[in-house]
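Peer 1: coords please:
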Amino acid sequence: MISFLKRMLLISVASCLCQISFGQLLAEPSSPPVVAQRGREKGGSHSSAKAGKTETHVESPNSSPTSPSLPPSSDGEKSSANCGAVVRIKDRAGCFIVGGKVTIQVRDDFERVNGRVQRGPAGEFPHIPEWTYEAKVKCSLSYQMRDSWAGAVLTFRNHGGLWNPNVNTLEFNNACLGKRIVDDPRCALELELGRRPAEDLFDSKLQFKTSMDGFRSRIALTPLRDVGTFSILGSIFLINARYYHLGGAVEAGWLDIGKTGFYLKSSLICWDCTHNLRAVDKQRREAFLRRFSFLNLQFLAGYKVKQGPHFLKKAPIHLYGGAVINTWASPLGITRNQLENCACYLGCSIGQLVEPCSTFFDVNYQIVGGQSIPSFDMAGIGRGNCANRGFYTEHLDGTGRLNTLPSEPVGSTNYHGLSVTCALLPIPNLFCALSLAFSRPLRSDIGPNFFYRKFAVDIAYTF
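Peer 2: Have a look, this model is predicted:
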């Protein structure tokens, strides 16, 4: 009996693989993309397959396999930068989604501090290479029903070379489960528990780079068709279980105002909602409080045009900008007794990776004050900092002595710079991107003088 069940299981798996292979061969190259809000298909539990059977098909290259539900309130250009193909196996109960991506990246990081090159054989840190090669494999699994879901994303990352200390690096980027409490055309309420990358939940070019382990809730309201959609997303996440350290974040948005393409969003993130430092010595307590003394308020505004002018081949256009202020910052000796708690960015993106030979272009300018964003959550250009020197402490991870002189702070902030990204989808499932960014000090009298430039080439294939 057991051998019979094993044979039947092998036959079923082989049948599914054959269907997936033929689906990829017969898929139309110009098939339309899936909807931007992942996991919002209302027919998730009512498959078109006959009773007792499963249906397998391959989604178009613009689908994203990473998030079964709880999408960000505005995807922006994330759908273009994270193009992927997924395989959906539908049954009577729900839909099992499998996706993967193989990425090869070649990157050049050039860093000069006080006139001295930092990386490479001739640099201050010869053991840190200027050119790096990285291979990355991302695998995603999720199961969706009409009102519930669960998913996980595993990433294997490995730098090139025979003597590599980062072999077998495994990351859990996503591990969550959720439930849709209210599912109405005018109102939706979702609850989720687990880990998600913050950048998949909240919108920003400068922050939300870490992962959030905790509880999330999202509500979307569409009272009238021509008014737009109101969205509120809240999250409570764990930072350090040893110190009972918790954080919280909330984002509210008004999307597609009056069907014009305008949107407004505001977010608030607190990196020190509660903690217990009674067993920590005075110096470490002071370093902890400085490192997590961030209550960041962010305002975003943007305008999306679905079809641009003819000279751009009617490609979609997205204009966006944002400002961040750390309301908990206070003047310190290392900032010359002045507040450096503000940051902002302004950018434009053109195009969308939907079909073969489609392109995407994005450019944005960033200004980041030294006390505006914590270094561990920095999603902007940064300043290289291969020496891992902190802004408030000697080391970037918060250890070491406290910085007391204005010449000592480094971290990942106190810069202004430009970032440019170009992407191409030459054939289905193949994604190529070039990115260039550079930054200089925002205030030359705080920290060392530096110049940072990074150039990266990414080639990814999704399956």
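Peer 1: hey, let's count contacts and neighbours off CA atoms from now on
Peer 2: Noted.
Peer 1: tally of neighbours for Lys282?
Peer 2: Number of residues near Lys282 (other Cα atoms under 10 Å) recorded here: 11.
Peer 1: what separates it from Tyr244, distance-wise?
Peer 2: Using Cα to Cα, to the nearest Å, Lys282 is found at 18 Å from Tyr244.
Peer 1: What's the separation between the closest residue to Pro185 other than its chain neighbours and Tyr263?
Peer 2: Leaving out its chain neighbours, the residue that sits closest to Pro185 by Cα to Cα, 6 or more residues apart in numbering is Thr222, at 7.5 Å. To Tyr263, Thr222 is 14 Å away according to Cα to Cα.
Peer 1: quick one, which of those two is more surrounded?
Peer 2: A count of neighbours by other Cα under 10 Å puts Tyr263 above the other of Thr222 and Tyr263, at 22 against 18.
Peer 1: check contacts around the more buried one.
Peer 2: By Cα atoms under 8 Å, 6 or more residues apart in numbering, Tyr263 lies in contact with 253-257, 301-303.
Peer 1: Gln366 too?
Peer 2: Gln366 neighbours (Cα under 8 Å, 6+ apart): 343-346, 380-381, 416-418.
Peer 1: quick one: which of the residues you listed is nearest Gln118?
Peer 2: Lowest distance from Gln118 to these (Cα to Cα) belongs to Ile381, with 17.4 Å.
Peer 1: The closest one and Arg389: what is the separation?
Peer 2: From Ile381 across to Arg389, the span is 17 Å (Cα to Cα).
Peer 1: Spell out the secondary structure type for the residue most central in space within the chain.
Peer 2: What sits nearest the mean C-alpha location of the chain, by Cα atoms, centre = their mean, is Glu199, with 3.4 Å. Using DSSP: H, G, I helix; E, B strand; the rest coil, the structure places Glu199 in helix.
Peer 1: quick one: pLDDT of it?
Peer 2: Glu199 carries a pLDDT value of 93.
Peer 1: again, but for Thr169
Peer 2: 75.
Peer 1: for this structure, where's the lowest mean pLDDT among helices and strands?
Peer 2: Using mean pLDDT, DSSP states H and E, the weakest-scoring helix or strand in the chain turns out to be helix 2-26, at a mean of 39.
Peer 1: who's in contact with Leu396?
Peer 2: By Cα under 8 Å, 6+ apart, Leu396 lies in contact with 375, 388-390, 411.
Peer 1: please redo it, this time with the cut-off set to 10 Å
Peer 2: Applying Cα atoms under 10 Å, 6 or more residues apart in numbering to Leu396 gives the contacts 291, 375-376, 385, 387-390, 410-412.
Peer 1: Narrow the residues you listed to those that are buried.
Peer 2: Buried subset of the contacts of Leu396 (neighbour count, 16 or more other Cα atoms under 10 Å): 291, 375-376, 385, 389-390, 410-412.
Peer 1: quick revisit: of all pairs in the contacts of Leu396, which one is the farthest apart?
Peer 2: Longest span within these, Cα to Cα: Arg291 and Ala387, 18.1 Å.
Peer 1: about what we covered before: can you work out which residues contact both of Thr222 and Tyr263?
Peer 2: 228-230, 254-255.
Peer 1: Looking at those residues, which one is closest to Ile427?
Peer 2: Ranked by distance to Ile427 (Cα to Cα), the shared contacts of Thr222 and Tyr263 are led by Leu255 at 32.3 Å.
Peer 1: Low-confidence stretches in the protein?
Peer 2: Residues of the chain meeting the criterion pLDDT under 70: 1-86, 162-168.
Peer 1: That one: helices as residue ranges?
Peer 2: Counting by DSSP state H, the chain has helices at residues 2-26, 78-81, 282-291.
Peer 1: For the closest residue to Lys265 other than its chain neighbours, list each beta-bridge partner.
Peer 2: Closest residue in space to Lys265, ignoring its immediate chain neighbours: Gly253 at 4.1 Å, by Cα to Cα, 6+ apart. Beta-bridge partners for Gly253, by DSSP bridges, are Ser231, Lys265.
Peer 1: Distance-wise, check Gly253 relative to Ser266.
Peer 2: According to Cα to Cα, Gly253 stands 6 Å off from Ser266.
Peer 1: What of Ser235?
Peer 2: Taking Cα to Cα, one finds Ser235 at 14 Å from Ser266.
Peer 1: Grab the nearest non-local neighbour of Val305.
Peer 2: Excluding the flanking residues, the one nearest Val305 by Cα to Cα, 6+ apart is Ile317, at 5.0 Å.
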